[in-house]
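Visitor: Sharing a model that was predicted from the sequence below.
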Amino acid sequence: MSSSPVTTPDPLEPVGDTPANSTPRRAAHELPGISARTAGELAGAAERAAAAQLAPPPPVRLGDVVPAPEQVTPDADGDHLLAPDTVIRASADPAALAVAEQLAALLRPATGYPLPVTEAAAPAPAVGIALLLTGDADLDPEGYRLDITAAGVQINAGTAAGLFHGVQTLRQLLPAAVESATPVSERWILPGGSILDRPRYPHRGAMLDVARHFFGVTDVLRVVDHLARYKLNRLHLHLTDDQGWRVAIDSWPALATVGGAGAVGGGPGGHYTQAEYRRIVAYAADRHITVIPEIDLPGHTNAALTAYAELAPDGLAPPPYTGTEIGFSYVDPVSERTYDFVADVLGELATLSPGQWLHIGGDEAFKVPAEVYARFVARVQGIVAGLGKTVVGWHQIAPAAHADGRILQWWGTAGDDPVTAEAVRRGAKLILSPGNHAYLDMRYAPDTPIGHDWAGLVDVRRAYDWDPATHLTGVHADAVLGVEAPLWTESVTTLAEIEFMLLPRLPAIAELGWSPRSTHDWDGFRRRLAGHGPRWTTAGITFHRSAEVPWRTPAGVPAPRDPAQEQESIRTGGAEPAPG
């Protein structure tokens, strides 16, 4: 049995009779400027667009991002479906390619897709995902523009930091299952539209106290990841206090080996070698976060005095301290040996820390007379300036002589502080960390199993509902560089406890630092924040299931908060389980 061969029409050829005066359409490989590969990509994009049109609406809306973007323009016809053949393209700049590799690393575990990374052609194709460095004048150094269409996804930014922040937004727009460490059967749909976004403040940070209780490198890197999720760009490490000295200083080796041996409650201490500290700094820098090291002076120095008696006012080394009282210790503020010590320590840290800032503490030196204290701070500020760095100190350094560029970190609980306001009038800038809004070691509620309440209870709404620009009386908004959320660790002993105290308040502080004030809305924030509970649970992150936030189970039933369940969760170090 025989048959005539069947000819399959070229998809680019007209079907039926061709008019005598027409020019036949050519196949893609014959069209000028269109390669067979590009045609295949376009065909794949068309197939994905059709599949997205048939799919249910994306589980995440374009405006569900935390921190809230500056401008959001949804396009219901632009939903984009990631597919197994999706390619990530980036500008040829090594920093842009590095961000593209980070995006691929975020998406590969849950999707199971290969997501190869290549350099973008010029102009970049409209298919796949493109991360492009551009000269867009509308974007500041950390801003980005994200465009999602049925054909493809594009992030434009002026810097790699902007691309990185755009990647964090892209991550949030995918289903929560994207946080899985293993492949998940899921339709990876992104909601269509455009986002134009840039930060309100240049300083958006968190502080981790590793002195009261020591946390190893792996734990600190995990904290860095939490900051990166929410576009924070500073990690302040409180490296020294009465209970422990946590970074090796080659010129004063006993600071770490002797001064770093203990912790609150008599627990094990520890310290970072210089190689370990560099690892933290480099890991943070890869995520566009600058580490700000703090050496607290002249008070909070019992660990240093234990290691070196010559620094003590009476020349006697005190015993190690494992309690939580404050204000009793200080280095000798009139001894030249003290200034040798300060210069050596800050000099080594300046070499280890490529960021612009060195934090000198300065708080709660209650036993040092005011005039002596002011002279000490002025001299230490000079040492920092001589190292080519900018000095940061707690707001207690305000009465000291002004140094160019100096920054005060304000942690008060009342909005009226004439001494700090006067320092600002003399030229100081401010980072705001009000204890009754931004201190993440405060309890959420009376039954919170860990934390303090000296500054009051700090629930999620209290962390969110204040304005850095108007918080301090007599301080102009232009003096405020941004916000920072400190986590002191007198009662915090494990990574699970760190996460429990950070989340969900850290995103609240992040939104204050990033989002324009016009987007500030508690009801909108709590709704957006609710979508992050499933993400944290999927990622194995412990968090406080605040009753203020409408967390949802997979069935959509409100999830009640159970304090006993929370306490067991942070005790065992497990992620907050989904009730129901």
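Guide: Yep, it's here. Numbering: from 1, shown residues only.

Visitor: Just the helices from the stretch 151-300 of the chain, written as ranges.
Guide: Listed from the start of the chain, the stretch 151-300 of the chain has helices (DSSP state H, counting those that start in this stretch) covering 160-173, 217-229, 254-257, 274-286.

Visitor: Val342 against Leu297, yeah?
Guide: Yes. Using Cβ atoms under 8 Å, Val342 is in contact with Leu297, at 6.6 Å. Quick note: C-beta positions are derived from backbone N, CA and C, even for glycine.

Visitor: When those two are compared, which one has more neighbours?
Guide: Here Val342 and Leu297 are set side by side on neighbour count (other Cβ atoms under 10 Å), and the busier one is Leu297, at 28 against 21.

Visitor: Contacts only, for the most centrally placed residue in the chain.
Guide: Most central in the chain under Cα atoms, centre = their mean is Leu227, positioned 1.9 Å from the mean C-alpha point. Contact analysis of Leu227 by Cβ atoms under 8 Å, 6 or more residues apart in numbering lists 205-206, 233, 235, 287, 289, 506.

Visitor: and those, which two are the farthest apart?
Guide: Largest separation among the contacts of Leu227 by Cβ to Cβ: Arg287 and Leu506, giving 14.9 Å.

Visitor: Between the two, which is the more surrounded one?
Guide: A count of neighbours by other Cβ under 10 Å puts Leu506 above the other of Arg287 and Leu506, at 23 against 20.

Visitor: Contacts only, for the more buried one.
Guide: For Leu506, the contact set (Cβ under 8 Å, 6+ apart) comprises 206, 226-227, 230, 232, 440, 485.

Visitor: related to what we said a few turns ago, so which of the helices of the stretch 151-300 of the chain comes closest to Val377?
Guide: Between Val377 and these, the tightest spacing by Cβ to Cβ is seen for helix 254-257, at 21.0 Å.

Visitor: what's the closest non-adjacent residue to Trp399?
Guide: That one is not Trp; residue 399 is Pro. With Cβ to Cβ, 6 or more residues apart in numbering as the criterion, Pro399 has its nearest non-adjacent residue at 5.4 Å, and that residue is Ala374.

Visitor: Could you export the helix or strand hosting the one you found as CSV, CA atoms only?
Guide: Ala374 is part of helix 370-386, with elements assigned from DSSP states H and E. What follows is helix 370-386 as a C-alpha-only set of coordinates in CSV (Å, rounded to 0.1, in the frame of the first residue of the first chain):
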residue,chain,number,x,y,z
ALA,A,370,31.2,63.8,81.9
GLU,A,371,34.1,66.0,81.0
VAL,A,372,36.6,63.1,80.9
TYR,A,373,34.1,61.1,78.9
ALA,A,374,33.7,63.9,76.3
ARG,A,375,37.5,64.2,75.9
PHE,A,376,37.8,60.4,75.5
VAL,A,377,35.1,60.3,72.8
ALA,A,378,36.7,63.3,71.0
ARG,A,379,40.1,61.6,70.9
VAL,A,380,38.6,58.3,69.7
GLN,A,381,36.7,60.1,67.0
GLY,A,382,40.0,61.5,65.8
ILE,A,383,41.5,58.0,65.7
VAL,A,384,38.6,56.8,63.5
ALA,A,385,39.0,59.8,61.2
GLY,A,386,42.7,59.1,60.9
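
Visitor: Please work out the average pLDDT along that helix.
Guide: Averaging the model's pLDDT scores along helix 370-386 yields 98.

Visitor: so how far is Arg517 from the residue nearest to Asp459 when sequence neighbours are not counted?
Guide: For Asp459, the nearest residue in space outside its immediate sequence neighbours is Tyr444; the separation is 5.2 Å by Cβ to Cβ, 6+ apart. For Tyr444, the distance to Arg517 equals 25 Å [Cβ to Cβ, to the nearest Å].

Visitor: Of these two, which one has the most company?
Guide: Legend: neighbour count by other Cβ under 10 Å for Tyr444 and Arg517, higher for Tyr444 (26 against 12).

Visitor: can you give me the strands in the stretch 51-200 of the chain?
Guide: 71-74, 80-81, 88-90, 117-119, 128-133, 144-148, 152-157, 189-190, 193-197 (DSSP state E, counting those that start in this stretch).

Visitor: any chance of those strands in CSV, plus mean neighbour count?
Guide: As requested, the strands of the stretch 51-200 of the chain are exported to CSV (neighbours: other Cβ atoms under 10 Å):
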stretch, mean neighbour count
strand 71-74, 15
strand 80-81, 24
strand 88-90, 24
strand 117-119, 15
strand 128-133, 24
strand 144-148, 24
strand 152-157, 25
strand 189-190, 23
strand 193-197, 21
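
Visitor: buried set for stretch 66-85?
Guide: Applying a neighbour-count criterion of 16 or more other Cβ atoms under 10 Å, one finds 66-70, 72, 74, 78-83, 85 buried in stretch 66-85.

Visitor: got it, and stretch 201-208?
Guide: Buried residues in stretch 201-208, defined by neighbour count with 16+ other Cβ under 10 Å: 201, 203-208.

Visitor: Of all pairs in those residues, which one spans the longest distance?
Guide: The distance between the two most remote of those (Cβ to Cβ) is 19.9 Å, for Tyr201 and Leu208.

Visitor: Tell me, how many residues neighbour Gly386?
Guide: Gly386: 12 surrounding residues under other Cβ under 10 Å.

Visitor: can you list the weak-confidence ranges in this protein?
Guide: Residues of the chain that meet the criterion pLDDT under 70 lie in 1-55, 124-125, 553-566, 569, 571-580.

Visitor: Mind putting the strands of the stretch 51-200 of the chain into a markdown table with distance to Ala256?
Guide: Putting the strands of the stretch 51-200 of the chain into a markdown table (distance: least, Cβ to Cβ, whole Å) gives the following:
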| stretch | distance to Ala256 |
| --- | --- |
| strand 71-74 | 48 |
| strand 80-81 | 51 |
| strand 88-90 | 41 |
| strand 117-119 | 40 |
| strand 128-133 | 41 |
| strand 144-148 | 40 |
| strand 152-157 | 40 |
| strand 189-190 | 47 |
| strand 193-197 | 42 |
